[in-house]
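K.L.:
Prediction below, plus the sequence it came from.
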Amino acid sequence: MSTPASQVPPSAGDDRNLVTVDETYVAPGLDDKLRLFWEKNAKLVVGLLVVVVLVITGRSASQYFAAQREEATRADYAKVVTNDQLKAFVAQYPNHLLAGVAELRLADDGYAAGNFAGAQADYTKAASLLAGQPLGQRAQLGAAMSRLQSGQPAEAELKQLAGDVSLFKGIRVEAAYTLAVLAADAGRSDDLKAQVQQVREIEPNGLWAQRAVGLLGRQASTASPAAPAPAVTAPAATLAAPAGTPSVVFPGAAK
């Protein structure tokens with residue numbers, strides 16, 4: 001006997017996955033939930049794990065090869081001796097910090113040989129490559145001194161170096177002393193006194209301060225024609241270049 005259509009309860013949809021809930025029903029545990037999640041998302045999880053492994057492996061490989069390249073670059077620099085080799089190294093590794101050191105060595109050699117125009121160019125390149133490094137400050141001073149020795153104005157650069165409190169004192173005080181020499185040579189008494197004061201503020205009890213005070217004494221003695229002022233030569237900046245770089249004296253504006 002069939003049930004009248006009016007007595008058949010309406011269906012809300014697919015009843016195949018419905019579970020009867022009564023006093024015997026047991027909710028699924030964590031293991032069941034994990035199994036169901038794995039069955040539905042296994043491919044996605046495996047794919048994500050593969051991507052993570054590839055990223056970690058790629059990063060490790062990149063770091064390894066970068067370290068190998070750095071070691072090879074350092075090894076090549078250790079073999080450099082002549083200026084031609086320095087130039088070749090710079091051409092091969094134009095953006096490396098050691099290329100800046102190589103440019104600094106070339107600049108020092110040019111300065112010592114009296115090639116101030118070439119030295120200025122090399123110091124400028126070195127300063128750019130070594131920006132933010134102590135030797136970069138030394139290169140900035142070298143560029144200014146080379147410009148000065150070439151007969152070009154360099155007081156603006158020297159004033160910037162002397163007044164920049166973020167720089168090493170050795171760089172600042174040499175720049176300030178050179179400005180004092182320029183003022184003494186030009187007979188600018190007020191400027192000389194101001195520069196001597198700056199030297200003494202940067203390095204109160206050092207050799208630079210003694211030399212600067214000596215400039216004041218020599219200027220006073222120039223009033224007598226029998227006591228001409230001697231030429232002035234400033235010692236090198238206190239920041240030393242790496243091993244293999246020749247020692248260079250940055251002379252002041254001697255008469």
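P.N.:
That came through fine.

K.L.:
Tell me how many other residues surround the closest residue to L192 other than its chain neighbours.
P.N.:
The shortest distance from L192 to any non-neighbouring residue, by C-beta to C-beta, 6 or more residues apart in numbering, is to A183 (4.0 Å). For the C-beta atoms, the positions are set from N, CA and C on the backbone; glycine is no exception. If you count neighbours by other C-beta atoms under 10 Å, A183 ends up with 22.

K.L.:
So A183 sits against Q198, correct?
P.N.:
No - if you go by C-beta atoms under 8 Å, A183 and Q198 don't touch, sitting 10.9 Å apart.

K.L.:
overlap in contacts of the two?
P.N.:
The contact sets of A183 and Q198 do not overlap (C-beta atoms under 8 Å, 6 or more residues apart in numbering).

K.L.:
thinking again about what came up before, so is the residue nearest to L192 in a helix, a strand, or just coil?
P.N.:
Of the three states, A183 takes helix according to DSSP: H, G, I helix; E, B strand; the rest coil.

K.L.:
and it, how far is that from V199?
P.N.:
11 Å (C-beta to C-beta, to the nearest Å).

K.L.:
now F168
P.N.:
Separation of F168 from V199 (C-beta to C-beta): 15 Å.

K.L.:
out of these two, which sits in the more crowded spot?
P.N.:
The neighbour comparison of F168 against V199 (other C-beta under 10 Å) goes to V199, with 28 against 16.

K.L.:
Can you tell me how far that one is from Y123?
P.N.:
According to C-beta to C-beta, V199 and Y123 sit 23 Å apart.

K.L.:
re earlier: spit out the contact partners of the residue nearest to L192.
P.N.:
S189, D191, L192, A194, Q195.

K.L.:
In contact with the last one, which residues are there?
P.N.:
Applying C-beta under 8 Å, 6+ apart, we find Q195 in contact with A176, Y177, L179, A180, A183, A212.

K.L.:
Name the helix or strand for the nearest residue to it once chain neighbours are set aside, please.
P.N.:
Counting by C-beta to C-beta, 6+ apart, Q195 lies nearest to A180, which is 3.7 Å off, once chain neighbours are set aside. According to DSSP states H and E, A180 maps onto helix 169-185.

K.L.:
buried set for that helix?
P.N.:
Judged by neighbour count (16 or more other C-beta atoms under 10 Å), helix 169-185 contains these buried residues: 170-185.

K.L.:
what mean pLDDT does that helix have?
P.N.:
Helix 169-185 carries an average pLDDT of 94.
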